[in-house]
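S.K.: below is the sequence, then the predicted model.
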Amino acid sequence: MVLAFLARPSLRGAAVALAGGALVYRGVTGYCHLYRLMGIDTRRGRKPSTAIPALEGAKVEKTVFVNRTPDDLYRFWRKLDNLPQVMQHLVNVTELEDGRSHWVARGLLGTTVEWDAEIIEDRPGDVISWRSLPGADVDTAGSVHFFERPGGGTTVRVSLKYDPPAGKAGAAIAAALGQSVDERLEDDLQRFKQHMETAAGAIEA
């Protein structure tokens, strides 16, 4: 981030460079001024069964109406390697054994982040929920629910909780650069809706 500013000096670049310097300081010393101000203490151990400890990270929830049945939408989503077709930040999703999968996503400034995840709830036509496994670049947990509408179609509700690299500071930097998870999820669900309501979605689901 600092090198990017030196290559192309600008006011926006200066802000990014300052953030980069703060992250380097945090990485070397283990101390974060922002976390202290926010009352967040990351020194306590994390339980392997929990992707993100309570009161940490950020949460996003979005809904979209799709004119397809819950079963159709579930089948598309459950085949996880379909998701990069509708989620632009995803580079690749590889399904492994025992409900586990490996994810590669685009990060800030052309970087990529990777993590392994496991499905913790799977009810066909109803809900899929997941969480990242220890050692992930991004700690994340989430769920997608499919609610059948009385007049036809489905309301899809996606909930995400995540602790990005550099924690809340990283989320703030992403938002400043126009890459907030909130905006991305909104766009992704619109692409999902468009895909599933077309002939392409009907074939691939």
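M.R.: Okay, I see it.
S.K.: burial count for E183?
M.R.: Number of residues near E183 (other C-beta atoms under 10 Å) recorded here: 13. Where C-beta positions appear, they are placed from N, C-alpha and C, glycine not excepted.
S.K.: check what pLDDT it gets.
M.R.: pLDDT for E183: 82.
S.K.: next: V104.
M.R.: 90.
S.K.: name the helix or strand for it, please.
M.R.: Assigned by DSSP states H and E, V104 falls within strand 100-106.
S.K.: can you list contacts of the helix or strand that contains V156?
M.R.: Applying DSSP H and E as the criterion places V156 in strand 154-163. For strand 154-163, the surrounding residues in contact (C-beta atoms under 8 Å, 6 or more residues apart in numbering) are 51-52, 56-66, 68-70, 73, 138-149, 181, 185, 189, 192.
S.K.: cool, stretch 67-86 as well?
M.R.: Under C-beta under 8 Å, 6+ apart, the answer for stretch 67-86 is 66, 90-95, 101, 122, 124-126, 128, 144, 146-148, 152-154, 156, 188, 191-192, 195-197, 201-202, 204-205.
S.K.: only whichever of those residues are buried, select them in PyMOL.
M.R.: PyMOL command restricting the contacts of stretch 67-86 to the buried ones, with burial defined by 16 or more other C-beta atoms under 10 Å:
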select buried, resi 66+90+93+101+128+144+146+153+154+156+188+192+195+196+201+205
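S.K.: H102 and E95: what is the separation?
M.R.: 8 Å (C-beta to C-beta, to the nearest Å).
S.K.: cool, and A136?
M.R.: 17 Å.
S.K.: V127 now?
M.R.: 18 Å.
S.K.: next one: A117
M.R.: 10 Å.
S.K.: which neighbours do those two share?
M.R.: Jointly contacting A117 and E95 under the rule C-beta under 8 Å, 6+ apart are S101.
S.K.: buried ones in the strand ranked longest in the chain?
M.R.: Longest strand in the chain by number of residues (criterion: DSSP state E): strand 112-123. Residues of strand 112-123 classed as buried by neighbour count (16+ other C-beta under 10 Å): V113, W115, A117, I119.
S.K.: circling back: where helices are concerned, which of the contacts of strand 154-163 count?
M.R.: Cross-referencing the contacts of strand 154-163 against helices under DSSP state H gives P70, L73, V181, L185, L189, F192.
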